[in-house]
Structures are given as C-alpha cells and as structure tokens.
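> okay, sequence plus prediction incoming.
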Amino acid sequence: MPTMNIIEAVRSALQTQMRADPRVVVLGEDVGKFGGVFRATSGLYDEFGADRVIDTPLAEAGIIGTAIGMALYGLRPVPEIQFGDFIFPAFDQIVNELAKFRYRSGGQYPCPVVIRTPVGGGIRGGHYHSQSPEALFIHTPGLKVVAPSNPYDAKGLLLACMRQNDPVLFMEPKRIYRASKADVPEGEYTIELGKAQIVRDGTQVTVVAWSGMVEIAEKAAGLAAEAGISAEVLDLRTLMPFDIDALLTSVHKTGRVVIVHEAPRTCGFGAELIASIQERAMAHLEAPIIRVTGFDTPFPYSLEHEYLPNPDRVLGAIRQTLEW
Amino acid sequence: MPTMNIIEAVRSALQTQMRADPRVVVLGEDVGKFGGVFRATSGLYDEFGADRVIDTPLAEAGIIGTAIGMALYGLRPVPEIQFGDFIFPAFDQIVNELAKFRYRSGGQYPCPVVIRTPVGGGIRGGHYHSQSPEALFIHTPGLKVVAPSNPYDAKGLLLACMRQNDPVLFMEPKRIYRASKADVPEGEYTIELGKAQIVRDGTQVTVVAWSGMVEIAEKAAGLAAEAGISAEVLDLRTLMPFDIDALLTSVHKTGRVVIVHEAPRTCGFGAELIASIQERAMAHLEAPIIRVTGFDTPFPYSLEHEYLPNPDRVLGAIRQTLEW
Amino acid sequence: MVAVPASEKDELRRVLDDDGTPLPGARIPSIPDAVLTRMYEVMALTRLFDDRMMRLQRQGRLGFYMKSIGEEASHFAAAPLRASDWVFPSYREQGAWFWRGYTVQQYVDQLFGNQDDPIKGRQMPVHGSASWLNLVSISSPVGTQIPQAVGAAFAARALGKDDVTMAFFGEGTSSTGEFHVGLNFAGVWKAPCVFVCRNNGWAISVPSSVQTAARTFAAKAIGYGMPGVRVDGNDVLAVWQVASDAIERARAGGGPTLIEALTYRVQGHSSSDDPSVYRDPDEPGVWQRKDPLNRLRGYLRHRGLWSERQDAELTERHDREITAALAAADDKPGPAVETLFDDVYDQLPWHLREQRAYLLAQRRAVDHHHPGRTAPATAKR
Amino acid sequence: MVAVPASEKDELRRVLDDDGTPLPGARIPSIPDAVLTRMYEVMALTRLFDDRMMRLQRQGRLGFYMKSIGEEASHFAAAPLRASDWVFPSYREQGAWFWRGYTVQQYVDQLFGNQDDPIKGRQMPVHGSASWLNLVSISSPVGTQIPQAVGAAFAARALGKDDVTMAFFGEGTSSTGEFHVGLNFAGVWKAPCVFVCRNNGWAISVPSSVQTAARTFAAKAIGYGMPGVRVDGNDVLAVWQVASDAIERARAGGGPTLIEALTYRVQGHSSSDDPSVYRDPDEPGVWQRKDPLNRLRGYLRHRGLWSERQDAELTERHDREITAALAAADDKPGPAVETLFDDVYDQLPWHLREQRAYLLAQRRAVDHHHPGRTAPATAKR
Ligand SMILES: Cc1ncc(C[n+]2csc(CCOP(=O)(O)OP(=O)(O)O)c2C)c(N)n1
Ligand SMILES: Cc1ncc(C[n+]2csc(CCOP(=O)(O)OP(=O)(O)O)c2C)c(N)n1
Ligand SMILES: [Mg+2]
Ligand SMILES: [Mg+2]
C-alpha cells in the first residue's frame, strides 16, 4: 500500500471517483493546468481535460452558483474554494441556496455538491489564510460538514461524500497537508459519514478534536500519559451529523471531557458538543467540560502560535478537569 | 411619554441621533422616499434629504461595503438590510472586512457601522423572510450583536449603538414590530450594551431569551405560575458581549435553566450559553440546561407554527428540568 | 441580428404598435397561428389569475401574492424554448409557468401551501418549483438563479445535450453580484444560456435610474462579451422573435445573450406594497395604453384569429377553472406535521429523528391536557 | 479625453515607445522635472526592494512576499493624487506606498511583523495599513476594497471635502461581485473615485482570457455609465496623464473613471508561486523589453535629467537604506503576547479579558515547569 500525504490522498480520491463516474467535475480558481495552489488537483487536468477540470474566473459566488446549477442538471461537481477564508463571497449561494434546495423544492431538486476547502492556521497566513469556519456551516440545516485529520480518512471520507446525495463542506487541514503521511490504498474504499474514531484509548478523560487539532490532542494525551493520566482521544471526522453515540460512550467511560478546536471559542462547535453532551449525560459528568480553542480575536499573524491551541494548553485543561 | 411600537421606537432613535450628529447617514434598499418596507425610516428622507437617507442599488455587498468606506472616512452609517435573510450577500464584507478592520490595521481604522435588520419568523414569510442568523455573527470576533425585544429597549439600545465605536449587528424582531407597544421617551436615553434584564422574577428556574422569544418566555412563565412554578425570565438584549454576570446570578439562585431561541438548535447561541454557564456554575446546576429552539430544518412555510418555539414547549422544558 | 451587440446602438426592437398593428416595415416573426392564440390564452389566464388572487389576498384568504399585470408579454421569452430546456424563473413570470403546463390547481395549491402543493408547503406563495416541467425552484434572494442557470447550461453541454437554459430577473437584480458573476461565467464559457432582464422600471420603490448609470441594461452585455438586445417587453411578437433568435444561437453553440425587455410594473411590487407612497399615480396610465394583452388581442383580431365571442368564452372558462381550483384547495389540509423534517437531507439523520419524535410527543402531551390546543396541522391563511 | 468612453474605441493610450522615446505626435504630460525624477527614484526603489525581499524570502528569513516587478509604472496612477486623497490598495502597489511616504523601515517592520510594525504584527507580509498617509488597510479577499473606496468617496463629498479616492486591483478581481457592486454604486452616485485595474495578464495561474469575454477590461465601464480608459501600464507618462485627468474630473464632480493599465506580471504571483508550471517561459521576455523602469530612465536620459552616475549612486543609497532597515528589523522583538487581544473592540470586553488572563497564566505555568518552553513572543520567520 503506498504512503500518501493528505494532498495526495485527496487527489487520489478525486481521480478514483472521476474515473468511476463521468458526471464528476472539478472547478475552481487555479485547479486546472496549475493543479491548485496546494496541488490537490494536479494531474487531473491532463487526464480528464478542461471540460472536467475547470479553471474558473475569480468569483467564489460564481464557482458555487454554477456548481449548484451543474448538480441540478445532473453533474457531480466538486468545487474547490482556494482557502476557507475566501468562502464568504459564496456564503449566500451555500446557506440560502445549496443547503435549502432539496427542502424548498419539496424534494424535487437534490443538490449533491461537495465543496473542498483548506482550513486552519499554523502556516503563517494571518487573518485570511487561517480561519476555521465550520460552526457557520454546521448551523446551516441541509449541509453536511466533514473534517478529516489524516490521509486515510481524507480519501475514504471524500469518496463517501462524492457517493451520497447531500451537499457537503469538506474541510482539509492545510497545516498538515504534507506533514501527515500514512498508508493509503490505491483503489476504492469509503468511510461512513457520521462516524467518529477513537485514535487513542483512555479511561480518565475524553479529548474531542477534529481536523488539524487531532494531532495536538494526541500529543497532549502523550504528555498526559507521562504524567500518569489516561486520556482517550476521539477524532470526530464528520461534524454534521456528528457521532453522538461515540461521544456518549466515551463520556460514560471517562466522565470528563476536553474539547479542542482552532476556531474562536464563542459559538464555536465546541459549544454545541458541550450542550449536546450535558443534555444527555449530565449525570455521568464529574467535571465541567472544558474547551481549548482559538481566542475570540481575528486570526493573528505574529502571535499565531499564541493563538492556536497547543499540547501544553490541552494538558492544562486535562489536569483542570481531573482536579475539579 | 408617548406610546410607541418597535418600528416607531427605531425611527425615533434614528431621528434623534441624526439630529444630534450630522455624520449619521442611513442607507439601504427602499429606505428613502418609501421609508423602508417596514416603514422604520419613514419621514427621515423628508427631514434629512437624499444625501443622508440613501436609496441604494439592489446589492447588500454594496450597502455594507460602501458603509464601511463611509465609516473609515468619518461618517456614521446605519445601513438597513431589508430582511436578515438577505444579509448573506454582504457576509464577506461583514465578517472579513467590517469585523476585522480595527484589528488588522493595528487600531488605525475603527469602523463604526451599525447594521439594522429585521429577523425572526411568525409572519408567514417562509425560508427567506424568517431566519435568525445571530449565531453566525456572535461567532465573528470584532462584531457586537444586539437584539431588543421591546420598543423601550429598541430605542435605548440603538442610540447606544450609534454612540459607540464598534461595528454592531442590530437585530429587530419583525413579528412584533407593531404588536409590541410601550411608553418610550421622545428624547435621548441610552441602555448600556452588554447588560441583560430580568423581565420577570422567579426562584425555581431561569428562562433565558432574546428578541421575539422574550414574549414567548414570559407567556410560558405565566403558564408555569398557574402550575405553581416560579420562573425567572432573563432578556439578554445584547448577545455579544453577553451579560455573563446576570446569567450566573440567576443560575445561582435557581439552579435550573431553559434557553429559548428561534434559530436552528445545532450551533445556535443557546449552545454557547450552555457551555459558558456549565463552565462556571456546574456545581450550582441541579439539572441539565434545556434548549427550546427552532428545529434543524430550513424555516418552513405552512408548518411555521410547528417550527417556532411556543409557550407550551417552553413550559414542557420548565417541567422537565424541575422533574430531573 | 443578435450577432451584433444591439446595445451599442440601443435600438429598441418592436413589431407591433400600441394597438397591435404591425409597424411599417417590421419583420413579422413566423409564429404558427396555434402558437399565437395559445400565447394569447395563457396571457389572458395570467391576467385573470393575478386579478383573482389579488382579490383573494385582499379578502384575507391568501397570505401573500405578487402580480405581473402589464408585464405578461415578457414571460413569453420562454415560449420558443423546448420542453427539455430549463427555466430559472424569478417570482414574476406566471405566464411562463402556465405556458409550460403548470396548472391553475398546482399554482393555487402552492399559494395555499396545502398537502397537494408540489413543494409540500415549504415556501411562501409564488415560490414554486416544477421539476417535471424544468421550472427550477424559485428562491427569494434575487439573482442567485443567474449563476445557477449558467451552471446548468454548462452541464447540458457537458452531458452532450443541446438544451438551453433561460434565467429571468428584474432590472433591480442586475445590481447584484450574482448577476455579474453569472453573466461573466456565461461569457467565458460561451454557455448555452439566455438572460431575460425584465426592466419594469421599479425595484419595489426604487426607480431603475437608481439601479445603474448605464445607458441601458442591455448595454451591460458588453462587459461580458455577449450580445445585448433591447426589446419592447409589451410586444409579445418582438419578445418572441428576440428570444427565439437568442435561444437558437445558444443551442447552435453561439453562446449567451442578454435580453432587456422594457416594460412597466403597473401595480404594486407585491400584495404588501403601496406604490402611491413613492411614485406618481399617473405614471402607470401611460403604460396601460401599451398593455401587452390588448396589443396581442389587437393583432389577433387584425389577423382574423380572434373574436369578441371567443374572448368572452375564454374568460368564462378561465374563471370557472380558477373558481374550481380555489374550492378544491380550500378543502385540502396542510402538510402533515412530521413532513417538517423530510427533505432536509436524503435520509433523516439522528438529530432530526430525535427532534421529530420530540415534536410529535410534545403535541400529543399538550393535546392530552388541553384538547385541540396544538395548532391544527393545516395551512393557515 | 476621459469624457468619451475610450473603451468604445479600445484605444491604448501611450506616450513613450519601448525605450522611452516620445512617440511621434504624442502629447507629453506637463509633469515637473522634480516629479519625474522622484517617480523614477521611487520606481527604482520599488524594483530593488522587491528584489532584496525575494532573496530574503528565498533564504528563509522572510515568510512571504509579493513582487510587482515589471508593473511598477501602474502604481503611479496614484502620483497625481493629493496627500489628502485616499488610496485603497491591493497587495501589489509597493510604488504607491513609497511614493506617499511609507518608509523602507516601516515596510520591513510590517514584513517581519515585529513590535514596530505599524499594524502590530496582525497581518501577513505586504498587507499593511498607513492611516497617516491615507493608505487604507489591505486585506486578502480581493475586491472588497472597491465598494469601500466608493463609500469613502461618497463620505468625502458628504462632508464637504473635495478629496478623491482611488482603488487598485488586478484584472482577475474584475470577476468578483465586489467589482460590480462597487463600480455600479459609483456610477449611480457619481462618486469622486478612480478605479485602477492593473491588467497584468494573470491571476495566479489563470490568464486574463479566462476572466472575461469582454473586448477589454476598460469596456466594462460601459455597464456602469462611466468612462473607461485603456493605458499602456508600462508607460508611466501615459499612466500619469490618464490618472491625472480622471482624478481632476472626479474632483470637479464629473464622477468616476475606470482605468485599465495594461501590463504584465513578469514573475510569480507570490513567493509561493512557480509560473513555469502553467505558462510559456518565453512569455515574460517579450514584456521585459517594455520594462517601465528602463523606459522612464530612457526618457529622463533623453531629457537630460538623469545620468549613469546618478543611477549608480541611487542604487547604492537604496541598497544601504534597505540593508540598514533589515538589520534594525532583525533586532526587534515581536509584539507582546497581551497585544493579541487589543483592537478587537474599542474596549476589552469581559470575555477577552478572561481569555487574556488565561493565556498569560498558562504561559507562566508552563514556563515554570519547563523554562523557555513557551514560544518566545517574537516574530517567527
Ligand atoms: C438579495 C435580496 N435583497 C433584497 C431582496 C428584497 N427584494 C425583493 S424583490 C426586490 C426588488 C427586485 O426588483 P427587480 O429585480 O427589478 O424585480 P421586480 O420586482 O421589479 O420584478 C427586493 C429589493 C431580495 N429578495 N433579495
Ligand atoms: C475572494 C478571494 N478569492 C481568492 C483569493 C486568492 N487569490 C489571491 S490573489 C489571486 C489572483 C488575483 O489576480 P488579479 O486580481 O489579477 O491580481 P494580481 O495578483 O494579478 O495582481 C487569487 C485568486 C483571494 N485572495 N480572494
Ligand atoms: Mg423591476
Ligand atoms: Mg492579474
């Protein structure tokens, strides 16, 4: 089995599905000849041609708006938004159109569009190359939101997204695009949407993370182990619908929870996880659920490493919940 | 003191501030001669003229984008977005520009723009004349979010917004625009941002609401009283920054909390309130915090009264937390 | 003619004068008589339907309605389309819906949001969807359908079909970013797409002069490298010709066209609007003399294709049809409560299953304590 | 000349040939000699600065940089502005910054995000802000500055000032909705605003032919009822003349102008880009012969305003200035950790006070257990 990084895994998923299904097209800024600024689509233009790997004019509203029309007519578009930070010009097309099309038409018009976009900080990108906007889309009924943390999941989840019939926001962790490597099958396989994965077993505290923060959570669990603390790390993988059963099972076991995300804290997805857990498992909670998150500021440049959650901050939170 | 409805109170606030500060301008679709589709700006065009009450072309991105430029140069724009549902074409200008301008310029460019927009359902408006998007903006560092529930607060809060230096999203509860009446001073007064208000005293459970849901919470508290249950109703009024002290004081007293909002449940503002409360007052909580919210569907038409929280559902939640 | 950007000469294409007599030297489009009379019948139905629905709304029996009185001819830009071609409408093209076969009953059921509403009572009146007629779901945010129509046109070509898509919108909507990105993509892609801008002079209370400083709306086509054509939007023959040329050009691979149909919004923006607040009450009068229905009737008479008697019969038939549809719609309950959660996703995820169970249980509980207190699950008007 | 939409004749305005000799019959703009030489000095500084920063970036001492090599003449559309006029830049107009008085030290401190960075290390390199020079904060999302410039222009007029605003952007940015709404508002408002579209042929890897099917970018002005002018963007004299005409027209109440400055992006989009992957390596060569710096130097020579020796001295002076700035910047620490929370709001709200206290306490705790483990609060390159 070949070793791939996340970029290569994404590319492999796209290539696999484009070979299997002629309706699949890729569109976006620089995705064609150039193969994308992160090279996730490189080679696809040569294999599938300009009609299936489409360099668009510079307009996210146009990329998503036309992708919607393509999906309505019968294609399977997989638009790329070059950075998650640039998805907002298309926000109306996504939340008012894409997400609502099936519902508002009484089921007449499904709209299977899979939007790929790199998210997260840690690349010295400042305000506009670092944001993690998942909460905005999880709050939008009609959308699914998927956020892999490693190459194997990236390919399996992306293939699963392209083979179901709902619109998806597929968020890729750009900081570890190349750093994260794993064995990934050449061929076809899918990972069921809505299923979390325990990436580290533990008994005393559950650390919940997704995307680029899974690695941080694992490092923190390692530090915790050195300190004799057994932390379980749960990688949510799909954020909408999220895996409530996996969460509750782990909480019933540990009774303590730490949630880690990059996005600003207030109204971030961590808040929903806390709400959902305490509604269902309050009796099992032995301490308040603690969040380790980005701060409620725009994403900074010079101080980004102060802004981003790190293993020490997660470890601090783990200790705090155990000492409560 | 004259009796005003919310429309009249908003108009009175605008008129008062436009008389006091020549830098204040109003812009938007149909705000001029017509006085706005809800008539909130009627009369202002005649008093202040076309240069201060500006009918714009049909483009929300243009309304907010130009309002930002006006504010940078020294005006005090108060743009109107005709319905909260139509704010999304301006989403990039709001979250990437307006909210971040002060921060990204190192404090060089404050951007005091107060965006007024009617929100909420109950007017048989379906998907696109009913949404409550507050969570999206509360999750955007740099913005303040204000959501009055009655005429007195509407005027006092709007005046306060126009007299401070941060960008604000000012959400007006359209369903009770005319139905909600109160004595409102003709002249100047402000209500401090960030301060909640207890609209009904109680001892056994705290019901937290804002905007159009305060009325529902009060009705539910009335039903509860008939059933011998003493419910306290807290009107948050400002959602960002929200009044954590008022919340904790009430929770310390009652130990039980029900949160009511119209927006879809998942990742709604209710989740953040639950997270913030349990982080700080878990020891005082005698039951899980319960949410009564809109469902995770697009806002429906025929079934909107099934979708919207009603007093019975809030009462059910109150009973549930007491029986826990 | 569409090969040359008409917008550069700003010529207004006309065939009929104000009473329906062909203009001297005008080229009469070759439209079969049956098509001509059917256009008239559909236009007359649209006019009567608007009128009846408005009265219903005034009686408080309908929540909301949007008329197109005086603009109906512009709807027939869709008439030269094939059934397999797709239409991306805005909310003011009732004529195009009836032309394509959407029935009065379906329209009324949607207005009432009852159990037979093709979209299950999901959207407010006028915001319909009819996939079986390739009439794509209408949404309120204006302009969003424009890039969507371009994407569908791209898809048709990519899938080897020679279908054309047509997007309708008002002149106010040309100010949106969606208009720009849609037409710009269409120009670059040479998409088989026709854009019909109904310039009815007003965007709610805002006159077209506040929407743009451009000479004409058709002139905006120059910025997208496509032909722009300006046509008398109350002259159905001219509309048909201009549209048919643009459609065939698109189908033949010639790329998109922007059509500006010059017309006028004779009445309020919607049932919630009162134009007397913001415009000269005499303004509509001028346009009533150019009424598209009268002009077409005049032309049919002049061609000997239509008589007083036929007109009376037609009106009576339509009136009966509408009355019957309303009566039927009135008796229909609204959608069942549990349908609230359908169609959000392909399959119902756990959280919606949970929310549905909660709602049904909660309603049972309330009904148990206070029989009949939960709102009846019927369309409320 | 701007009174007539030049875009309708698509004429390319030029004054100098490729070596800087005035074209036969060309009208030479009346620019004082001191201004001419200063433009040359600033253009030369920009060229050298770009080159030095790129080398620094290649050495791993700078995270990111964006060059404007070959496009510098277009920056001088800002030269005829008054100091009180406002510029809304994109990220590729270094020349306009130095022209207005932004110092090499300030530029370098911003690139390094150190404690003397005028924006406190908040944004990535090149995304500066200089309110004291009326150079408005740059953001990455392209096009957003366009409606903002229109709003500022409106505000200037409303406040009784006769200031003009100028927005810069690339041709790719003309595809955004922001371009459309900005120019459309400007046309309707007759805003005192000048739009400078740097058509450098490329948007990262996408050629201008994929951005639009319009004849020219200047032609898009027709859709907004404003003049569009096409100018040789490597001919600083022509750029100056066209901009100066547009600025004075705007100041006099004549309304906005769209200027298309035709130039070429000789090198990569940014330090992260590799053009060899997507374009013909010979393409730049053609344009190097039209290099704006050589052309201006040639013209100054021809006018006897500049010599070899002066050029050598200038280069050496600039080189020293840059070296000194880099040395100084290197020694400066980054912004203090607690500044992370400043300027989000006018005053620090409770939740940010709480978060700041948490961060500082957490760092102390970690440092206590593992001295030096917390990342030093200095700019990391
Ligand atoms: C994005 C958006 N903003 C605002 C509105 C509110 N609105 C509904 S119709 C309308 C005017 C549209 O005018 P025009 O495009 O000329 O179409 P017409 O109504 O004249 O047919 C406005 C502003 C909307 N529906 N969508
Ligand atoms: C809204 C948005 N989408 C995408 C990007 C990524 N991006 C940065 S520059 C660029 C190309 C801009 O090209 P152009 O406008 O021609 O300016 P140039 O770089 O040529 O000066 C793109 C796509 C962005 N910054 N903003
Ligand atoms: Mg109109
Ligand atoms: Mg360019």
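Now that the structure is in, tell me what you want to look at. From a predicted model like this one, the values you see are computed outputs, not experimental measurements. Ligands and ions are numbered 1, 2, ... in the order given.

> what ranges do the helices span in chain C?
For chain C, applying DSSP state H gives helices covering C:33-58, C:72-75, C:94-100, C:104-112, C:145-158, C:177-189, C:208-211, C:236-251, C:283-288, C:292-302, C:308-331, C:350-369.

> lowest average confidence across those, which one?
Among these, helix C:283-288 has the lowest mean pLDDT, at a mean of 89.

> contact partners of that one?
Applying CB atoms under 8 Å, 6 or more residues apart in numbering or on different chains, the external contacts of helix C:283-288 come out as C:70, C:234, C:263-264, C:266-267. Just so you know, the C-beta spots here come from the backbone N, C-alpha and C atoms, and that holds for glycine as well.

> now those residues as CSV including distance to residue B:163, pLDDT and neighbour count?
Listed next are these as CSV, based on distance: CB to CB, whole Å; pLDDT from 0 to 100; neighbours: other CB atoms under 10 Å in any protein chain shown:
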residue, distance to residue B:163, pLDDT, neighbour count
C:70, 47, 96, 24
C:234, 51, 98, 28
C:263, 46, 98, 27
C:264, 44, 97, 21
C:266, 45, 95, 20
C:267, 42, 93, 17
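
> farthest-separated two in these?
The distance between the two most remote of the contacts of helix C:283-288 (CB to CB) is 14.7 Å, for C:234 and C:267.

> what count of nearby residues applies to the one residue in the stretch 51-200 of chain A that gets nearest to ligand 2?
At 3.8 Å from ligand 2, residue A:86 is the closest residue in the stretch 51-200 of chain A, using CB to the nearest ligand atom. Residue A:86 is flanked by 22 other residues according to other CB atoms under 10 Å in any protein chain shown.

> is it true that it touches residue D:139?
No. With contact defined as CB atoms under 8 Å, residue A:86 does not reach residue D:139; the gap is 10.9 Å.

> name the residues contacting each of those two.
Common contacts of residue A:86 and residue D:139 (CB under 8 Å, 6+ apart): residue A:128.

> name the nearest of the contacts of helix C:283-288 relative to residue D:281.
residue C:263 (54.6 Å).

> check contacts around that closest one.
C:70-71, C:73-74, C:198-201, C:233-234, C:287, C:292.

> give me that answer again for 7 Å
C:70-71, C:74, C:198-200, C:233-234 (CB atoms under 7 Å, 6 or more residues apart in numbering or on different chains).

> can I get the residues you listed in CSV with distance to ligand 1?
Output for the contacts of residue C:263, formatted as CSV (distance: CB to the nearest ligand atom, whole Å):
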residue, distance to ligand 1
C:70, 11
C:71, 8
C:74, 10
C:198, 6
C:199, 8
C:200, 5
C:233, 11
C:234, 15
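
> if any of those are buried, give me the ChimeraX selection for them.
The buried subset of those, as determined by 16 or more other CB atoms under 10 Å in any protein chain shown, is captured in ChimeraX by this line:
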select /C:70,71,74,198,199,200,233,234
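
> and the two most separated of the contacts of residue C:263?
C:70 and C:199, at 12.7 Å, using CB to CB across those.

> what's the local residue count around residue C:120?
Per other CB under 10 Å, the neighbour tally for residue C:120 reads 28.

> from what I see, it and residue A:106 are in contact.
Yes. At 3.9 Å, residue C:120 counts as touching residue A:106 under the criterion of CB atoms under 7 Å.

> what's the per-residue pLDDT of the closest residue to ligand 1 within the stretch 201-324 of chain A here?
Proximity to ligand 1, evaluated over the stretch 201-324 of chain A using CB to the nearest ligand atom, is greatest for residue A:267 at 24.4 Å. Residue A:267 carries a pLDDT value of 98.

> look up phi and psi at it.
Note on residue A:267: its backbone torsions stand at phi 60, psi 20 [degrees, to the nearest 10].

> just checking, it touches residue B:137?
No. Counting by CB under 7 Å, residue A:267 does not reach residue B:137; the two are 8.9 Å apart.

> between the two, which is the more surrounded one?
A count of neighbours by other CB under 10 Å puts residue A:267 above the other of residue A:267 and residue B:137, at 30 against 27.

> check contacts around the more buried one.
Residue A:267 touches A:135, B:135, B:138-139, B:269, B:272, counting by CB under 7 Å, 6+ apart.

> how about the residues of the stretch 101-250 of chain C by ligand 1?
Residues of the stretch 101-250 of chain C lying near ligand 1 by CB under 6 Å from any ligand atom: C:140-142, C:169-173, C:198, C:200, C:202-204.

> among the residues you listed, the buried ones, what's the ChimeraX command?
A single ChimeraX command selects the buried members of these (16+ other CB under 10 Å):
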select /C:140,141,142,169,170,171,172,173,198,200,202,203,204
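
> of the residues of the stretch 101-250 of chain C next to ligand 1, which belong to strands?
C:169-170, C:198, C:202-203 (DSSP state E).

> rebuild the residues you listed as JSON lines, extending it with distance to chain D.
Listed next are those as JSON lines, based on distance: CB to the nearest CB, whole Å:
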{"residue": "C:169", "distance to chain D": "14"}
{"residue": "C:170", "distance to chain D": "15"}
{"residue": "C:198", "distance to chain D": "18"}
{"residue": "C:202", "distance to chain D": "15"}
{"residue": "C:203", "distance to chain D": "12"}
